[in-house]
Structure formats: structure tokens, C-alpha cells
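Enquirer: return atomic coordinates for the entry below.
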Amino acid sequence: MVWDVRPQVLRHRLASASAVCALALFAAGCGERNEYVPPPPPKVTYVLPKKEEVTRYLEFTGNTDSINQVDLVARVEGFLTSINYKDGSVVKKGDRLFVIQQDTYQANLDGAKAAQASAEAQYTNAETEYNRQATLGKQDFSSQAVVDKARTNMQQAAASVDSAKSNVELAQINLGYTVVAAPFDGVVTRHLADVGQLVGHGDPTKLASIVQVNPIYVYFNVNENQVLRIKEALAKRGKTLRDIGEVEVDIGLQTEDGYPHKGKIDYISPEIDPSTGTLQVRGLFDNQNLALLPGLFVRVRVPTQRIPDALLVDDTAIGSSQQGSYVMVVGKDNVVQQKDIVPGQLEGQFRVVESGLSADDKVITGGVQRAAPGAKVDPEAQPATP
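Expert: Residues are numbered from 1 along each chain as shown. Sure, this is the predicted structure:
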């Protein structure tokens with residue numbers, strides 16, 4: 001055989017050979033079957049519900065209020081001579097806050113004391129004269145009329161002494177009113193009268209106010225249903241509403257996490273207000289650092305029941321729908337199940353589950369978005385959170 005080695009002929013024959021090889025390879029590949037391989041089940045992590053003792057609470061909204069608040073007034077007339085505190089400062093009981101012109105009242109006191117001394121001297125003289133006349137009367141050297149007159153003079157002198165003593169006491173009281181002192185520990189408001197101003201002329205003049213904020217009150221209202229629940233909880237402990245002073249109460253400000261302030265309930269109204277259907281309750285709280293001010297809104301909680309073996313799950317594992325709250329759990333054969341639950345109060349990052357969950361349920365906490373009810377998953381236990 002003689003090959004034609006012309007270039008165009010050679011290229012044509014090589015292309016034909018390549019096409020034949022490609023057809024052969026395609027035919028060999030068509031003999032294999034392509035099968036669908038499902039992806040592996042998604043990985044999720046789970047934990048068992050925590051079991052521990054928790055306290056069930058009732059929550060309210062309340063207001064703080066000062067335990068004492070008094071207006072400081074000028075009870076005597078005179079010019080204000082000094083102000084001995086800084087506006088808004090904390091003072092102690094007995095601290096001198098204002099001083100009113102004292103010289104006039106000191107002079108009145110001195111005059112009253114002098115009058116008392118004069119009255120006492122007159123009484124001494126009258127008493128001596130009576131004793132002398134009484135002795136002479138017994139010896140028939142003085143008539144009964146003279147003795148009676150001496151007795152009358154002595155009694156009048158004694159009355160003058162009592163009157164002089166009263167005037168001294170009154171002058172001392174008025175002098176004491178020239179100093180306005182703090183009636184209790186507290187915070188004093190800004191002064192309403194300046195040094196040199198005439199105060200106490202006519203009606204008493206308000207100089208400032210003092211507010212006692214340590215301790216401090218918190219008032220809140222409890223509705224009728226909650227009152228019954230509290231009574232039931234107390235009855236289980238063998239107590240009544242009269243023992244309410246032993247019940248703790250916690251509060252938290254709007255900007256605080258949780259309920260950091262601890263106190264005791266010290267008053268409960270003896271009757272329910274028929275117009276509102278509520279019962280007023282008051283708590284007493286220590287306020288050494290003055291963190292609480294009168295008039296603040298606070299969150300209030302009152303313990304009603306201790307649950308020794310409550311179940312808790314991470315709050316992030318709880319979902320919600322139109323039907324309510326639920327959690328995803330790993331069921332038999334690693335198939336995801338949705339369990340409807342009744343959530344309770346929050347304890348840190350955990351939520352109390354009132355019902356719908358058992359202690360051996362594997363609650364999915366990681367990869368919840370990949371866990372669909374009825375689907376298989378690859379579960380892995382997650383270490384319990386302390």
C-alpha cells in the first residue's frame with residue numbers, strides 16, 4: 001500500500017481517526033449508571049434539661065417613696081441670720097440648718113429669768129411673814145385675820161413664782177425656735193429664704209424641706225387573683241397575710257438587670273379597694289448608698305412558691321409560633337420532634353418549663369435552624385452549662 005503523504009490528505013485522515021476514538025470512549029461510558037447519593041444528616045447539638053430548685057415569683061410595677069418628708073418652717077419672727085448647709089446635702093438628725101435672729105429672744109429669756117428670781121424672793125418673804133404670824137396667832141399675839149392675810153400673800157407669791165417659771169419656759173422655747181435643726185437623717189432641698197430676709201411674720205415661713213430616703217418605701221398594688229395566690233402560698237407554709245412581714249420582696253430599676261435590691265414587706269392594706277380591685281402593699285428597703293430616690297418606677301417581684309425539681313432549658317432553644325412556644329428534641333432513631341411547652345419565668349439565661357417537657361428529652365440547642373420536624377439529624381451531646 002502506498003500512502004499519500006500530501007499534507008492536506010494527512011490532516012484529513014488524522015481527524016477521522018480522532019473522531020473514531022472519541023465515539024469508542026463515549027460508547028464505553030454510556031454503559032455506567034449514575035445514582036443519587038443523599039447528603040449526610042445535618043449535625044446538631046443537644047442538652048438534657050437542667051433540674052434544680054427555683055422560686056416562682058409574681059411580678060408588679062411599683063413606685064419608690066420617702067419614709068419621711070417634712071417642711072422646715074420658721075416658727076418665730078425675725079431676720080434669717082445664717083444658713084448652715086449646702087443645698088441638696090445629706091444631714092444628720094440635730095444638725096443646725098437655719099438660724100433666725102436670736103438677740104431679741106435671748107433678751108426675753110433673760111427678762112423672764114429676772115422676773116422669776118423676783119417672784120421667788122417675794123415668795124420667800126411672804127412665806128417668812130406667814131410663819132411668823134402663824135406662830136404669833138398660836139400665842140394669841142396676832143389675830144386670825146392677820147394670819148389669814150399672811151397666808152393669802154404667801155399663796156399669791158407662790159402663784160407668781162409658777163407664772164414666772166412658765167414665762168421662762170416659754171422664752172426658752174421661743175429662743176429654741178430660732179434654730180431650725182434636722183428632725184431626722186435625710187437630704188435637705190434648696191433653701192427658699194435668703195440670709196437677711198424677714199421670716200415668720202404672720203404665718204410660718206417655709207425655709208426648705210427634708211426628705212428621709214434611708215430606708216425607703218416601695219408601694220405596689222396586687223390584684224384580687226394574685227392576693228388569693230399569695231394567701232394560698234402562705235397557707236402551705238402555715239402562715240397568713242398577717243405574717244407578710246416575713247416575706248421578701250425584690251426590686252430593680254428600669255436600667256438595671258434583674259432585681260438587685262432586697263427588702264421586706266412591712267405593710268399590707270387591710271382591705272381591697274373596690275374601685276380598682278387591688279390591694280396596696282409596701283416594701284421597706286435599705287438605701288445606704290442612696291441608689292433609690294423617691295418617685296422612681298421600679299420592677300417588683302414577690303416569691304410565691306419554691307419548686308424543688310423544676311426543668312430549665314436555654315432560652316435561645318425555645319421557638320414560638322401562632323400555636324405557642326416549642327422546642328426541638330432528638331427523638332427515636334435521631335428523628336427531630338417538635339414539643340409544645342408552657343414557658344415560665346427566666347432564670348439568668350435559662351427559662352423554666354412549666355409543662356410539655358421531660359427530664360430525658362434531648363433539647364436541640366445548636367443547629368436548630370437545620371432541624372426540621374420529622375427529619376433525621378446527626379446529634380452530638382453538648383456539655384451541660386453550669
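
Enquirer: distance check, residue 176 against residue 170.
Expert: Residue 176 sits 11 Å away from residue 170, going by Cβ to Cβ, to the nearest Å. Bear in mind the C-beta positions are built from the backbone N, C-alpha and C, glycine included.

Enquirer: an error on my part: the question was meant for residue 121.
Expert: On the measure of Cβ to Cβ, residue 121 and residue 170 end up 21 Å apart.

Enquirer: now the host helix or strand of residue 145: buried residues?
Expert: Residue 145 is part of helix 144-176 when elements are defined by DSSP states H and E. By 16 or more other Cβ atoms under 10 Å, the buried positions in helix 144-176 come out as 147, 150-151, 153-154, 157-158, 160-161, 164-165, 167-168, 171, 174-175.

Enquirer: following the lowest-mean-pLDDT helix or strand in the chain, which helix or strand shows up next?
Expert: Lowest mean confidence among the helices and strands of the chain (mean pLDDT, DSSP states H and E): helix 7-29, at a mean of 49. Toward the C-terminal end, the helix or strand that comes next after helix 7-29 (DSSP H and E) is strand 43-47.

Enquirer: in the biggest helix by length in the chain, what counts as buried?
Expert: In the chain, taking DSSP state H as the definition, the longest helix is helix 103-138. Buried positions in helix 103-138, judged by neighbour count with 16+ other Cβ under 10 Å: 104-105, 108-109, 112-113, 115-116, 119-120, 122-123, 126-127, 129-130, 133, 137.

Enquirer: repeat that for stretch 227-236.
Expert: Within stretch 227-236, the residues that count as buried by 16+ other Cβ under 10 Å are 227, 229-230, 233-234.

Enquirer: and the longest strand for the chain?
Expert: strand 50-74 (DSSP state E).

Enquirer: got any ranges where this protein has weak pLDDT?
Expert: 1-33, 141-142, 241-246, 384-386 (pLDDT under 70).

Enquirer: give me the domain ranges for it.
Expert: Using automatic domain parsing, the domain parsing of the chain gives 46-54+309-381, 57-66+213-307, 73-211.

Enquirer: let's have those in JSON lines, adding distance to residue 40.
Expert: What follows is these, written out as JSON lines (distance: least, Cβ to Cβ, whole Å):
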{"stretch": "domain 46-54+309-381", "distance to residue 40": "7"}
{"stretch": "domain 57-66+213-307", "distance to residue 40": "41"}
{"stretch": "domain 73-211", "distance to residue 40": "69"}
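
Enquirer: how far is the helix or strand encompassing residue 230 from where the chain is centred?
Expert: Taking DSSP H and E as the definition, one finds residue 230 inside helix 224-236. Put simply, helix 224-236 sits 22 Å off its chain's centre (Cα atoms, centre = their mean, to the nearest Å).

Enquirer: now, which of the buried residues of helix 144-176 sits nearest residue 280?
Expert: Residue 280 lies nearest to residue 174 out of those, by Cβ to Cβ, at 41.8 Å.

Enquirer: what sits against that closest one?
Expert: By Cβ atoms under 8 Å, 6 or more residues apart in numbering, the residues touching residue 174 are 76, 105, 108-109.

Enquirer: let's see it at 6 Å
Expert: Residue 174 is in contact with 76, 105, counting by Cβ atoms under 6 Å, 6 or more residues apart in numbering.

Enquirer: and it, how close does it get to residue 117?
Expert: Distance, residue 174 to residue 117, by Cβ to Cβ: 19 Å.

Enquirer: and for residue 184?
Expert: 38 Å.

Enquirer: residue 356 too?
Expert: 91 Å.

Enquirer: what do you get for residue 238?
Expert: 68 Å.

Enquirer: could you give the bridge partners of residue 378?
Expert: Following DSSP bridges, residue 378 is listed with bridge partners residue 43.
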